[in-house]
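# Got a predicted structure here, sequence first:
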Amino acid sequence: MTKKEIDDFETLQGQLESFHGEIKTLVKKNPNDALNKFKLGLVNSILRKANAFLGKNKRPFGDFEQFEEESMPSTSDVLMIISQYLSAFEKMRADNIYQKAGVRWMWICSDSDDDLRTAPPKNLEN
């Protein structure tokens, strides 16, 4: 990955994590409530960017692009999909990092010799 791709990746992953936390709160209140049109538009915007970044082969569901506004998905549906995208992003991150000197985790960056630190890979089995 290039330095710009890493930056874009971290931005998208952060947005997905933020939505995940917010939607999770809504699911706890009432999992069957529909997401409102404004929030759904924001989620769909991030999903389109995530799809473009991951490409068809690394997306969690090859045929899923975004939610349909006409059907207004439930908060639990949205949470499930966002969770799958977070797993796909974490898999991509784990495939593009390495442990330096047995201590720090770094990005494998194709266009820079700078050490770009990151967190250790998360357990994908949870």
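On my side now, so go ahead.
# Could you say which helix or strand holds residue 48?
Per DSSP states H and E, residue 48 falls inside helix 37-54.
# do the same with residue 88
Once you assign secondary structure using DSSP H and E, residue 88 falls within helix 75-95.
# Tell me which residues of that helix come out buried.
75-79, 81-82, 85-86, 88-93 (16 or more other C-beta atoms under 10 Å). All C-beta spots, glycine's among them, are computed from the backbone N, C-alpha and C.
# what's the angle from it to helix 37-54?
For helix 75-95 against helix 37-54, the angle by axes from the mean of the first three to the mean of the last three C-alpha atoms, to 10 degrees is 20 degrees.
# Would you pull up how far the helix holding residue 48 lies from the middle of the chain?
Averaging C-alpha positions (C-alpha atoms, centre = their mean, to the nearest Å) puts helix 37-54 10 Å from its chain's average.
# What are the contacting residues of it?
Residues from elsewhere that reach helix 37-54, judged by C-beta atoms under 8 Å, 6 or more residues apart in numbering: 8-9, 12, 15-16, 19, 23, 35, 59, 65-67, 69, 72-73, 78, 81-82, 85, 88-89, 92.
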